[in-house]
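Trainee: Need the 3D shape of this:
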Amino acid sequence: MQDTLVIIPTYNEKENIELIIRKTFSQHKAFDILVVDDTSPDGTANIVIDLQKEFPKSLFLEIRKEKNGLGAAYLHGFKWAIAKKYDYIIEMDADFSHDPKDLERLYDACAVQGADLSIGSRYSKGVNVVNWPMKRVLLSYFASKYVKIITGIPINDTTAGFVCYKRKVLETIKLDKIRFVGYAFQIEMKFKAWKHGFNIKEVSVIFTDRTLGESKMSKTIITEAIFGIISMRFKGLPK
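Mentor: Numbering: from 1, shown residues only. The predicted model follows:
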C-alpha cells in the first residue's frame with residue numbers, strides 16, 4: 001500500500017481507462033489507484049478487473065449501482081480512502097484532460113511544501129486550456145471568476161477537478177453534508193476547506209480536452225453551479 005491514492009471516477013470510459021491507469025503507474029512516484037465506476041454499460045469495469053491481475057496490490061475497483069453524479073462518485077472514493085488510511089488522496093479524470101505527469105507536483109505541494117489541499121489550476125497563470133472551443137473556455141474561466149467574487153474564496157480555478165487532499169481535510173469536512181454533485185461539488189469542497197482554514201495551494205497545469213469518449217458536461221451541471229454558488233454565499237454552508 002502506497003501513501004497516496006488516485007481516485008478515477010468512470011462512466012463509459014473504455015477508450016481511456018487502461019491508458020490512464022498504465023500512465024499513472026508509470027510515474028516516478030508510486031501511487032495506488034481506485035476506479036469508481038457507475039456501472040458503465042460499455043464494460044469499463046471489466047477492463048479494470050482484467051488489469052487487476054497485473055496490478056493486484058495497487059489497483060482497486062468500486063462499482064456503484066447507479067449513476068448519480070460525479071460528486072457522489074468522489075464521495076464514495078473519499079470515504080473508501082479514509083477507511084484505508086491513505087495520507088494523500090488525489091482526484092483525477094479518466095479522459096487525460098488531467099496529465100498524470102502532474103500527479104507528483106500535486107503530491108509535492110502537500111507532502112513537501114506544506115499545503116493541505118493542492119489544486120491543478122488552469123487559471124493561476126493565465127489560461128492553460130488546450131482543444132476547448134472558445135465558448136467553453138470563456139464559460140469555465142468566468143465561472144471561476146464569478147465564484148471568487150461571490151464567495152471571496154482566494155482561488156483562481158474553483159471548478160478544477162484535479163485536486164490533492166491531505167486525509168485530515170476530508171476527515172474534517174463532513175462529507176455526508178456535501179450538497180452538490182456537478183461543478184458545484186468541486187466548488188463546495190474547496191469552499192469548505194477554505195472556511196476551515198486549511199492551507200490551499202494552486203499548481204499551474206495545462207488542461208487538455210478529451211480526444212476519446214464523450215464529455216459528461218450538461219446544462220444541468222452548469223445551472224447547479226451558478227445557483228449553488230449564490231446559495232453558498234448567502235445561506236452559508238454547514239461546516
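
Trainee: Quickly find the element holding V6.
Mentor: Here V6, judged by DSSP states H and E, is contained in strand 4-10.

Trainee: residues in contact with the closest residue to L103 other than its chain neighbours?
Mentor: Once flanking residues are discounted, L103 sits nearest to Q27: 5.9 Å by CB to CB, 6 or more residues apart in numbering. C-betas here are computed from N, CA, C, even on glycine. Q27 makes contact with 100-101, 103-104 under the criterion CB atoms under 8 Å, 6 or more residues apart in numbering.

Trainee: So what touches the following helix or strand past the strand holding V6?
Mentor: With elements assigned by DSSP H and E, the helix or strand that comes after strand 4-10 is helix 17-25. With contact meaning CB under 8 Å, 6+ apart, helix 17-25 is reached by 6, 8, 10, 31, 33, 35, 44, 47-48, 51, 55, 58-59, 92, 94-96, 100, 103.

Trainee: tilt between helix 17-25 and strand 4-10?
Mentor: Here helix 17-25 points in a direction 170 degrees away from that of strand 4-10 (axes from the mean of the first three to the mean of the last three CA atoms, to 10 degrees).

Trainee: From start to finish, how long is stretch 61-81 in a straight line?
Mentor: End-to-end distance of stretch 61-81 (CA to CA, to the nearest Å): 12 Å.

Trainee: And that stretch, what's buried?
Mentor: 61-62, 64, 67, 69-78, 80-81 (16 or more other CB atoms under 10 Å).

Trainee: what about that stretch, average pLDDT?
Mentor: Summarised as a single mean, pLDDT over stretch 61-81 is 93.

Trainee: And for stretch 32-43?
Mentor: Mean pLDDT, stretch 32-43: 97.

Trainee: Would you pull up how far it lies from the middle of the chain?
Mentor: Put simply, stretch 32-43 sits 15 Å off its chain's centre (CA atoms, centre = their mean, to the nearest Å).

Trainee: And for stretch 157-166?
Mentor: How far stretch 157-166 lies from its chain's middle: 6 Å, per CA atoms, centre = their mean.

Trainee: export it as PDB, just CAs?
Mentor: Provided in PDB are the C-alpha atoms of stretch 157-166 (Å, rounded to 0.1, in the frame of the first residue of the first chain):
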ATOM      1  CA  ASP A 157      -9.700  27.800 -10.500                       C
ATOM      2  CA  THR A 158     -12.600  26.900  -8.200                       C
ATOM      3  CA  THR A 159     -14.200  24.400 -10.600                       C
ATOM      4  CA  ALA A 160     -10.900  22.400 -11.100                       C
ATOM      5  CA  GLY A 161     -11.300  18.600 -10.700                       C
ATOM      6  CA  PHE A 162      -7.600  17.800 -10.400                       C
ATOM      7  CA  VAL A 163      -7.000  18.000  -6.600                       C
ATOM      8  CA  CYS A 164      -4.900  16.500  -3.900                       C
ATOM      9  CA  TYR A 165      -6.200  16.400  -0.300                       C
ATOM     10  CA  LYS A 166      -4.400  15.500   2.800                       C
END
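
Trainee: so which helix or strand takes in the residue nearest to L103?
Mentor: Here Q27 is assigned to no helix or strand, by DSSP H and E.

Trainee: in the chain, what spans have low per-residue confidence?
Mentor: By pLDDT under 70, the low-scoring segments of the chain are 126, 128, 131-133, 135-136, 138, 210-239.

Trainee: How about A72: what's its closest non-neighbour residue?
Mentor: Residue nearest to A72 in three dimensions, not counting chain neighbours: V181, with 5.7 Å by CB to CB, 6+ apart.

Trainee: Based on its surroundings, how many neighbours for that neighbour?
Mentor: By other CB atoms under 10 Å, 20 other residues sit near V181.

Trainee: Strands along this structure, start to end?
Mentor: Under the criterion DSSP state E, strands of the chain are mapped to 4-10, 32-37, 59-63, 88-91, 117-121, 129-130, 163-166, 200-204, 207-208.

Trainee: Kind regards, and thank you for your time.
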